[in-house]
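Peer 1: The following block contains a protein sequence and its predicted model.
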Amino acid sequence: MRRRKGNLTAAALTIALTTAALTACGGSTGKETAQTTSASESTTAKAEETTEAKGAESAGKYYAADATAKDIVEDAAKKGKVGNWGLGNEYEVQALLSKYGQETGFLSQAFDMDGFDDDSILLASAMTYNELGLVKNSYQGGYGYGDSVKYIDMNDEGVAMLEDNIFTTKEFAKANPNTVKAFVRASMKGWEYACANPEEAAKIVFEAGSSVSSDHQAYMAEEVKKLVETDTKGNKVVDLGKLDDEALQQTLDLAKKYIKLNDSAAAEKLQTLTLDDFRDASYWTDAMSDATLGAPEKTDVSIQLKWLPQAQFMGYYVAAAKGYYKDAGLNVTITPGGGDIGETTAVNSGQVDFGVTWDANLIAANAGGMNLVAVSQVYQRSGLVLVYKVNK
Amino acid sequence: MKKKRYLKWEKQSLTTVLYPVIFGILLLILWQTQLLHKMIGADTFALPLPGRILNIILDNGPAIRKNVTATVIVAAGGLFFGSVFGYLLGIIATVFPKWGAGGLSIASAISAVPIIAIAPILNNLTKDISDDANIRSMFAKTIVVTITCTVAMSINAYRGLNELKPYSLDLMKSYAAGKLTVFLKLRIPNSVPYIFVALRVSVPASIISALVSEYFAEFIIGVGRQIRENIVLAQYATAWAYIVVACAIGIIMYGILLCAEGALLRGRR
Amino acid sequence: MIRMKKLLSSKYMVTLVWVIGLIIIWEIGATIIEGTKRSPENVLPHLHQILASVFTTNKVNGTQTAFQIVLSNAGITLLRAGIGFVIGAGLGFVLALVMNLFLPVEKILFPYLMMIQMIPILGMAPIVLAITKDINKSRIIIAAILTFYPVATNTLAGFKSVEKEKHELMYSLAASKFEIYRKLLIPSSLPYFFTGLKISAPMAITAAILVDTLQGGAGLGTALSQSLKHATTIYIFWQIVFLSAMIGILSFYLMVLLEQAISPYKRKKK
């Protein structure tokens, strides 16, 4: 009996101590952060309810269905509740914030939409083919918001930067031109087939070992198709994977403005970059012509994706499954991404031959001293949107 | 005789400092002249030259200071709370030996869970603490560090409070000392060296876990986050500048610990 | 009856009670979270939900269930952790030996060994990758780097723990340096060496999971980060959390067993 009493006391003590330690912890972190906020003012706009911000949220917590992008961006930025994943995905959001005269700080968004769901983020970044689907739809993993959310499209706002491309190192392209052309030709064939049959493409990706649920995979394939077949202005793209110089120039201009590099040498180099420093259309032009290509110099090649295996990369999976790579004399390994060793590093170190990345990342990498070149531009418009909830 | 020994000691400690410093300078020369790169087959891209790294550190003083402050607050705060909490756990385990020891073995089992698994969970758990993302991120990060430091300290504190010199407990008993007296006069002084054993483990661990917890934090700040951002963006020179800064924080904190240990334990050995 | 009582107050019982206590706390937490959060399984699911996800036959990708994914990835990670651990432990022992043989080497290397531990693996990875050009080799090398330090420091402490008198005895017997090491230093440093192994074995597991997250491919860390990024069911993450803790503990006891097998002279205390 006495022992039991001892146990109880021990348990009570532990609990008391835990709470004491935790509250002490909370109190002091609060105090400590007070010192740092002065240094980080640029990123945390105080959540003060200003009268002019009221316009956007006249009735209810969220935004009116007819609120303009300007009102929404201004309000969310003032509250410090704009979210993005960071790590090189943030430039379009920063461009949009600047467009409406706001500070370019944002919250680090996790790779789920819980922050958006619990209102710690009011204006959340989402890819049309991935997070937007999870927010709207109610299949497994979805949040089921349906039409009670709306979004701001980067293409409409004129701050679109191009995303998924195919790139390699300049040395590799120079030494293995036929391999590059054969790879681009077979990949584009894969993309063409995938866009014509998104449902089947989604299935192929799922079979290839993707862990994304098959419902979401099918949604993603439909959305990706739109990005591949429409350009930033909304026109239909006939030549899949072409290097659209106008859109690339816009990407470069925004990159120069918003990519902040601490390394002064790299920052200077970034400002001197031109289109010719990071894209070469000749391989794509030859690949898409009817001419017969020479024998590939290197037949065993690999491609590193930008993210986890999903329909975002369906073209490559289709090309592999349908034997297009084999027909081109290539033996292709597809390596999924998603780790902290970026695809630019993997390609630059020679560990893989090709990679899929966003052009802004390619530009930053070249400014940092890499020698990479985009040989095809698969996504012709930006897939990034900022999603927000609408008042009922 | 005495003087000679003193001189010898002097020579010993001189080489202790001198040898690593000479080696370090040699390494830096090899590094700067790129001979090191030839030896290990790396390029100046993945392993940037020291001169360039230094330049970046000098160029970005205010930004680096801001990030260092955030990291040091998290690491030191977590270290402090973790150590205090761990020591209290050690005391509780000593007071209730049988149940406490079992609890400690559970605690060491929890420490086998990688930090990368703990950090995101805590991030989600602390969402409701504050409306300010900076504060709630700080809170989540500090808890991660606290957890890592608690385990090392509790196990060592328990050992320190219980691994007494033979007969000392009997001696105390022969003086008819009460349990409290034994605690204050024997157990707690006996545990002081063990506290430092624990701190030697938890000081580097607190920094590493502060860096890792920053990867996942909601509010973007800290040396660890900067390392990750720059690695992902392939800005290796900048990433290395922050790595050097992280190492410096570690060395300075470890140095402070060694000084404190020397001051507190002097005359004990 | 007495046996029963003995069993109740045994060491295992204590652990069991603690485990049950933790489960209760977990469940209370999970219930609170369930009531307040929209997607509680991201924060703290009920234990039975995790258990159910282990035994379910629902396929989460083309061919495998969640648990099958975890298991197949665990094999890969364990293999890497094992290789990294063996290399790291071997390297640690050799380094300790060299440092004990040549004092200047110890003085030069020791501070740097500590500094290497402070470099985040994210910083190390690109360099190792640039040298090896292969992500899997890099993973093993980094796991080895992260595990050798406890072995090296503990073994070195073991060499230094040998009393002067024993040294002098060996000298008086005209033993060669090799003999001193073989007969005196190495045997007496073994317990310390094993202490190092016991610390670094769970570390090797953690390190192997950590280096998995560097890049896609296969491995527990990859599956863990995929799950955290919500590319697949979050229960994969929870399964890995529990599995990694279990493997970490098992690896510790594996070292204890190994120690008992290798050093029979140390059969003290019952």
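Peer 2: Structure received.

Peer 1: Assign A:V73 to helix, strand or coil.
Peer 2: Here A:V73 takes the helix state, with states given by DSSP: H, G, I helix; E, B strand; the rest coil.

Peer 1: Quick check, it in contact with A:A95.
Peer 2: No. Between A:V73 and A:A95 there is no contact under Cβ atoms under 8 Å: 11.2 Å. C-betas here are computed from N, CA, C, even on glycine.

Peer 1: Show me the shaky parts of the stretch 151-300 of chain A.
Peer 2: Filtered on pLDDT under 70, the stretch 151-300 of chain A yields the residue ranges A:211.

Peer 1: ranges for the helices of it?
Peer 2: Using DSSP state H, counting those that start in this stretch, the helices of the stretch 151-300 of chain A run over A:170-175, A:177-196, A:198-207, A:214-229, A:245-258, A:264-272, A:282-288.

Peer 1: Nearest to B:R266, out of these?
Peer 2: Checking the helices of the stretch 151-300 of chain A against B:R266 by Cβ to Cβ gives helix A:264-272 as the closest, at 47.3 Å.

Peer 1: domain parsing for the chain?
Peer 2: I went with chain A, as the question did not name one. As given by automatic domain parsing, the domain ranges for chain A are A:52-157, A:165-382.

Peer 1: wrong one, chain C
Peer 2: C:2-44, C:51-266.

Peer 1: got a markdown table for the domains of chain A, with distance to B:T15 too?
Peer 2: Putting these into a markdown table (distance: least, Cβ to Cβ, whole Å) gives the following:
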| stretch | distance to B:T15 |
| --- | --- |
| domain A:52-157 | 45 |
| domain A:165-382 | 38 |
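
Peer 1: Including mean neighbour count and distance to C:T36, could the ones you listed go into CSV?
Peer 2: Shown next, in CSV, are the domains of chain A (neighbours: other Cβ atoms under 10 Å in any protein chain shown; distance: least, Cβ to Cβ, whole Å):
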stretch, mean neighbour count, distance to C:T36
domain A:52-157, 19, 10
domain A:165-382, 21, 26
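
Peer 1: So what does the residue nearest to the spatial centre of chain B have for phi and psi?
Peer 2: Of all residues in chain B, the one closest to the mean position by Cα atoms, centre = their mean is B:V203, 1.4 Å from it. Torsion angles at B:V203 (phi, psi; degrees, to the nearest 10) stand at phi -60, psi -50.

Peer 1: With A:E297 instead?
Peer 2: Dihedral angles for A:E297 - degrees, to the nearest 10 - are phi -70, psi -40.

Peer 1: ok, it to A:K181 distance?
Peer 2: 11 Å (Cβ to Cβ, to the nearest Å).

Peer 1: what do you get for B:V203?
Peer 2: In terms of Cβ to Cβ, B:V203 sits 56 Å off from A:K181.

Peer 1: swap in A:S302?
Peer 2: A:S302 is 17 Å from A:K181, by Cβ to Cβ.

Peer 1: Then C:I141?
Peer 2: Distance, C:I141 to A:K181, using Cβ to Cβ: 36 Å.

Peer 1: quick one: which helix or strand includes the spatially closest residue to C:I83 that is not a sequence neighbour?
Peer 2: In this structure, C:I83 finds its nearest non-sequential neighbour in C:I140, 5.1 Å apart by Cβ to Cβ, 6 or more residues apart in numbering or on different chains. Using DSSP states H and E, C:I140 sits in helix C:135-160.

Peer 1: List the buried residues of the helix or strand following that helix.
Peer 2: Under the assignment DSSP H and E, the closest C-terminal helix or strand after helix C:135-160 is helix C:164-172. For helix C:164-172, the neighbour count (16 or more other Cβ atoms under 10 Å in any protein chain shown) marks C:M170 as buried.

Peer 1: For helix C:164-172, output the C-alpha coordinates as PDB.
Peer 2: The C-alpha coordinates for helix C:164-172 follow below in PDB (Å, rounded to 0.1, in the frame of the first residue of the first chain):
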ATOM      1  CA  LYS C 164      50.500   1.900 -14.800                       C
ATOM      2  CA  GLU C 165      51.500  -1.100 -12.600                       C
ATOM      3  CA  LYS C 166      50.200  -3.500 -15.200                       C
ATOM      4  CA  HIS C 167      52.200  -1.700 -17.900                       C
ATOM      5  CA  GLU C 168      55.300  -1.900 -15.800                       C
ATOM      6  CA  LEU C 169      54.700  -5.600 -15.100                       C
ATOM      7  CA  MET C 170      54.600  -6.200 -18.800                       C
ATOM      8  CA  TYR C 171      57.800  -4.300 -19.300                       C
ATOM      9  CA  SER C 172      59.500  -6.200 -16.600                       C
END
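
Peer 1: I'd like the next helix or strand past that helix.
Peer 2: helix C:177-179.

Peer 1: can you list contacts of that following helix?
Peer 2: For helix C:177-179, the surrounding residues in contact (Cβ atoms under 8 Å, 6 or more residues apart in numbering or on different chains) are C:M170.

Peer 1: hang on, the earlier thing: tell me, how many residues neighbour the residue nearest to C:I83?
Peer 2: Using other Cβ atoms under 10 Å in any protein chain shown, C:I140 has 24 neighbouring residues.

Peer 1: Might you report the residue contacts of B:S191?
Peer 2: With contact taken as Cβ under 8 Å, 6+ apart, B:S191 is in contact with B:90, B:157, B:160-161.

Peer 1: what's the distance between the closest residue to A:E222 other than its chain neighbours and A:G315?
Peer 2: Leaving out its chain neighbours, the residue that sits closest to A:E222 by Cβ to Cβ, 6+ apart is A:P198, at 5.2 Å. Distance, A:P198 to A:G315, using Cβ to Cβ: 11 Å.

Peer 1: how long is stretch B:172-182 end to end?
Peer 2: End-to-end distance of stretch B:172-182: 7 Å, with Cα to Cα, to the nearest Å as the criterion.

Peer 1: What are the buried residues along that stretch?
Peer 2: B:172, B:177, B:182.

Peer 1: now B:R225, what's its secondary structure?
Peer 2: Assignment for B:R225 (three-state DSSP): helix.

Peer 1: Briefly note if the helix or strand hosting B:I64 comes near chain A.
Peer 2: In this assignment (DSSP H and E), B:I64 forms part of helix B:61-95. Yes. Counting by Cβ under 8 Å from any Cβ of the partner chain, contacts between helix B:61-95 and chain A involve B:62-63, B:65-66, B:69-70, B:73, B:77, B:81, B:84-85, B:88-89, B:92, B:95.

Peer 1: Report the contact partners of the residue positioned nearest the centre of chain A.
Peer 2: For chain A, the residue nearest the mean C-alpha position is A:N89 (5.3 Å; Cα atoms, centre = their mean). With contact set as Cβ under 8 Å, 6+ apart, A:N89 has these partners: A:125, A:358, A:384.
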